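Chemist: build the 3D model from these lines:
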Amino acid sequence: MPASSMSSARDISETARAVCRVIVIGATNYPHLIDAVLLRSGRLERHFEIGLPDEKPRADIFRFYLRGRLSDEEIRTVASDSEAGLARHYNTKCNM
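Modeler: Next up, the predicted model:
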């Protein structure tokens, strides 16, 4: 993460601690790049991961975005053949 982003994130975190009822939410695809300073005790107390979808949710995602371009059978096939998490893989499978 760039130094300016880290500084801003630290400032927000410290300001949030001083103000009541403030929730700071951050998200990243690169958790290994988060500065350890932000993860110290008393800073950002709760951490959780939202995993990648398995086959059924992937089929639901395809169904929503493709809206009738593929049959249910084709959607199930694409969902079972695809590996979760790679948008370019989905784009190739569906010619989106």
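Chemist: the domain parsing of the chain - what is it?
Modeler: Following automatic domain parsing, the chain resolves into domains at 3-39, 55-94.
Chemist: hey, least reliable of the ones you listed by pLDDT?
Modeler: The weakest mean pLDDT among the domains of the chain belongs to domain 3-39, with a mean of 72.
Chemist: pull the number of nearby residues for residue 55.
Modeler: Neighbours of residue 55 under the rule other CB atoms under 10 Å: 13. Using the backbone N, CA and C atoms, a C-beta is placed for each residue, glycine as well.
Chemist: tell me how far it lies from residue 79.
Modeler: Separation of residue 55 from residue 79 (CB to CB, to the nearest Å): 5 Å.
Chemist: on the three-state scheme, residue 50 is what?
Modeler: Put simply, residue 50 is coil when judged by DSSP: H, G, I helix; E, B strand; the rest coil.
Chemist: quick one: it from residue 33, how far?
Modeler: Distance, residue 50 to residue 33, by CB to CB: 18 Å.
Chemist: between those two, tell me which one has more neighbours.
Modeler: residue 33 (10 against 6).
Chemist: how close does that one get to residue 46?
Modeler: Distance check for residue 33 against residue 46: by CB to CB, it reads 19 Å.
Chemist: and residue 8, by the same measure?
Modeler: 20 Å.
Chemist: now do residue 28
Modeler: For residue 28 relative to residue 46 (CB to CB), the value is 15 Å.
Chemist: more neighbours, those two?
Modeler: residue 28 (9 against 6).
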